[in-house]
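Peer 1: generate a structure from the sequence data that follows.
(one chain, ligands or ions: 1)
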Amino acid sequence: MSELKPAPRVERISTSPSAVASQRARELRAEGHDIIALSSGEPDFQTPPHVIEAAHKAMLDGQTKYTTISGTPELKAALRDKFRRENDLDYANDEVMVSTGAKQVIFNAIMALVTKGDDVIVPAPYWIAYEQIVQLAHGTTKVVRCGPEVGFKLTAAALEKAITPNARLLMLNTPSNPSGAVYSAAELTELADILREHPHIWIITDDIYEHIVFDGRKAATLAAVAPDLKHRTLTVNGVSKTYAMTGFRIGYAGGPSELLSQMLKVQSQSTSGPSSVGQAAAVAALTGPQDFVETCREAYQDRRDLIVSMLNQTTGLSCRTPEGAFYAFPDCSGLIGTSTPDGKRIENDRDLVMHLMDDHGVALVHGAAYGLSPNFRVSFAASMDNLEEAGRRIQAAANALVRN
Ligand code: PLP
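Peer 2: The predicted structure follows:
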């Protein structure tokens, strides 16, 4: 059998590290190990029943065929309403589109915008897909380190410094995966002031965690804060996280029609469009009762308080309190350079995460996977009991590490 030599563009990328960690957790569990998986970026709540009923009804009513490439008229109307109601953003019918998850929206946009020689500014820590999709598009990521000292956020000064003549695109993500950082309207205004001076730069803002914000915050979005940049901003969102609908695979965007029409070409030649059933379910989610959203938000906040306090009581760890999303991203520099009781050296955050998984049964994702080390990501989309037990295990593991 001849060995497959993949195309170079595919050789450059790899499977998502959080999917790999979650898969490893499942395998260890299947072998009988007691594993608490805090590795996955997925709400642990069930999809609201009225959404499932809407999907069922749509199928019985015959909505089981291809839809318009850009999305059904019903969902696009619901999206325009959503953007107006929640974000103060007015988009015309040809300025909204639906895709197979927010990930595909971002894929379409990067494919439509980025080519060889283009720089894409990506604040770190970042959702790994940004970097990988830019690689697929033959672009170059310009990673800007945004550590805990700046709240894991891109400052205006750091943005200005990162801008090159080849800069084509800036990726923003608020609330952020993996840091939980949330940009205030004032912070976005400061970024907008810089972007205004550089009209060659497009902006993708990934707002998928917009409803998971804590302590009375409200998420802000760039196009609403700086309407004069709306014509070069793509506002990305989806139903996966807000309504616990990851498996329905529905994401969407608002943005200028000249960009959307190019993205639709990519979509037309890749998926032909999002699932008809998923779209009917998304209409129900966006137009139906919203109490589920607040219930989840409150639960995530309680879980955040528990896990962040436990992490901060752990030897060698220090964790900034995330303002949104469902991730904590503790700094673990105090544990680097130690050894496990059986003599394995912890050289970096990957070694630490492997040790926590293999010897203590907690699945996490190492910070290097998000472009910032030494850290790890803890998803707190898990029950209080599991979080408490995971926190105890992490504390016990840290206490048992041998300082050399
Ligand atoms: N953007 C961010 C920052 C995410 O964390 C995720 C999922 O993990 C997505 C986008 C993709 O969501 P979807 O399920 O809509 O593709």
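
Peer 1: what number of residues lie near residue 23?
Peer 2: 16 (other Cβ atoms under 10 Å). Just so you know, the C-beta spots here come from the backbone N, C-alpha and C atoms, and that holds for glycine as well.

Peer 1: A helix includes it, no?
Peer 2: Yes: counting by DSSP: H, G, I helix; E, B strand; the rest coil, residue 23 is found in a helix.

Peer 1: could you report the pLDDT at whatever residue of the stretch 301-404 of the chain ends up closest to the ligand?
Peer 2: The stretch 301-404 of the chain approaches the ligand most closely through residue 325 (7.7 Å), counting by Cβ to the nearest ligand atom. Predicted confidence (pLDDT) for residue 325: 98.

Peer 1: helix/strand/coil for the most centrally placed residue in the chain?
Peer 2: Ranked by distance to the mean C-alpha position of the chain (Cα atoms, centre = their mean), the top residue is residue 177 at 4.4 Å. Reducing the assignment to helix, strand or coil with three-state DSSP, the entry for residue 177 is coil.

Peer 1: can you give me the neighbour number for the nearest residue to it once chain neighbours are set aside?
Peer 2: By the measure of Cβ to Cβ, 6 or more residues apart in numbering, the closest residue to residue 177 outside its immediate chain neighbours is residue 127, 4.8 Å from it. The local packing of residue 127 (other Cβ under 10 Å) involves 24 other residues.

Peer 1: 44 is where my numbering starts, stick with that
Peer 2: Yep, numbering from 44; the last one is residue 170 now.

Peer 1: can you pull the contacts of residue 170?
Peer 2: In this structure, residue 170 makes contact with 216, 219-221, 249, 413, judged by Cβ atoms under 8 Å, 6 or more residues apart in numbering.

Peer 1: tell me, what's the model's pLDDT at it?
Peer 2: According to the per-residue confidence, residue 170 scores 96 in pLDDT.

Peer 1: who touches the lengthiest helix in the chain?
Peer 2: Once the chain is assigned using DSSP state H, the helix that runs over the most residues is helix 334-355. Taking Cβ under 8 Å, 6+ apart as the criterion, the residues outside helix 334-355 that touch it are 86, 88, 91, 223, 254-258, 285-287, 360-362, 364-365, 369, 371, 373, 421, 423-425, 427, 430-431, 433-435, 437-438.

Peer 1: Produce a ChimeraX select command limited to the buried residues of those residues.
Peer 2: Isolation of the buried members of these (16 or more other Cβ atoms under 10 Å) is achieved in ChimeraX through the command below:
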select :86,91,223,254,255,256,257,285,286,287,360,362,365,369,371,373,421,423,424,425,430,433,434,437,438
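
Peer 1: please flag which of the contacts of helix 334-355 sit within strands.
Peer 2: When these are checked against strands (DSSP state E), the matches are 371, 421.

Peer 1: if we can go back for a sec, from the contacts of residue 170, which are also near the ligand?
Peer 2: With the criterion set as Cβ under 6 Å from any ligand atom, the members of the contacts of residue 170 near the ligand are 216, 220, 249.

Peer 1: using TSV, lay out those residues together with pLDDT and distance to residue 122.
Peer 2: What follows is these, written out as TSV (pLDDT from 0 to 100; distance: Cβ to Cβ, whole Å):
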residue	pLDDT	distance to residue 122
216	98	20
220	97	22
249	98	16
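
Peer 1: wasn't residue 231 part of a helix?
Peer 2: Yes: read with three-state DSSP, residue 231 is one of the residues of a helix.

Peer 1: so what's it up against?
Peer 2: Neighbouring residues of residue 231 by Cβ under 8 Å, 6+ apart: 217, 263-265, 268-269.

Peer 1: can you tell me which of these are in helices?
Peer 2: In helices, defined here by DSSP H, the members of these are 265, 268.

Peer 1: ok, the contacts of residue 231 vs residue 198, which is closest?
Peer 2: residue 217 (13.8 Å; Cβ to Cβ).

Peer 1: how far away is the closest one from the ligand?
Peer 2: Counting by Cβ to the nearest ligand atom, to the nearest Å, the gap between residue 217 and the ligand amounts to 9 Å.

Peer 1: make sure that residue is actually in contact with residue 226.
Peer 2: Yes: with contact taken as Cβ atoms under 8 Å, residue 217 and residue 226 are classed as touching, separated by 4.4 Å.

Peer 1: between these two, what contacts are shared?
Peer 2: Contact criterion Cβ under 8 Å, 6+ apart; residues shared by residue 217 and residue 226: residue 263.

Peer 1: which non-adjacent residue is nearest residue 194?
Peer 2: Per Cβ to Cβ, 6+ apart, closest to residue 194 is residue 224, 5.6 Å.

Peer 1: now do the contacts for that neighbour.
Peer 2: Under the criterion of Cβ under 8 Å, 6+ apart, the contact partners of residue 224 comprise 189, 194-196, 217-218, 365-367.

Peer 1: also residue 287?
Peer 2: Remark: with contacts taken as Cβ under 8 Å, 6+ apart, residue 287 is in contact with 86, 88-91, 335, 339.

Peer 1: tabulate the residues you listed (a markdown table), appending pLDDT and distance to residue 209.
Peer 2: Formatted as a markdown table, the contacts of residue 287 follow (pLDDT from 0 to 100; distance: Cβ to Cβ, whole Å):
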| residue | pLDDT | distance to residue 209 |
| --- | --- | --- |
| 86 | 95 | 38 |
| 88 | 97 | 43 |
| 89 | 97 | 46 |
| 90 | 98 | 43 |
| 91 | 98 | 45 |
| 335 | 97 | 44 |
| 339 | 98 | 41 |
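
Peer 1: of the residues you listed, which belong to helices?
Peer 2: In helices, defined here by DSSP H, the members of these are 335, 339.

Peer 1: residues of this protein that sit close to the ligand?
Peer 2: Taking Cβ under 6 Å from any ligand atom as the measure of proximity, the chain contacts the ligand at 84, 144-146, 170, 216, 220, 249, 251, 281, 283, 289, 294.

Peer 1: where along the protein do the helices fall?
Peer 2: Taking DSSP H as the test, the helices found in the chain are 51-54, 60-73, 92-103, 116-130, 145-156, 171-179, 199-205, 228-238, 265-268, 300-311, 319-330, 334-355, 392-403, 427-443.
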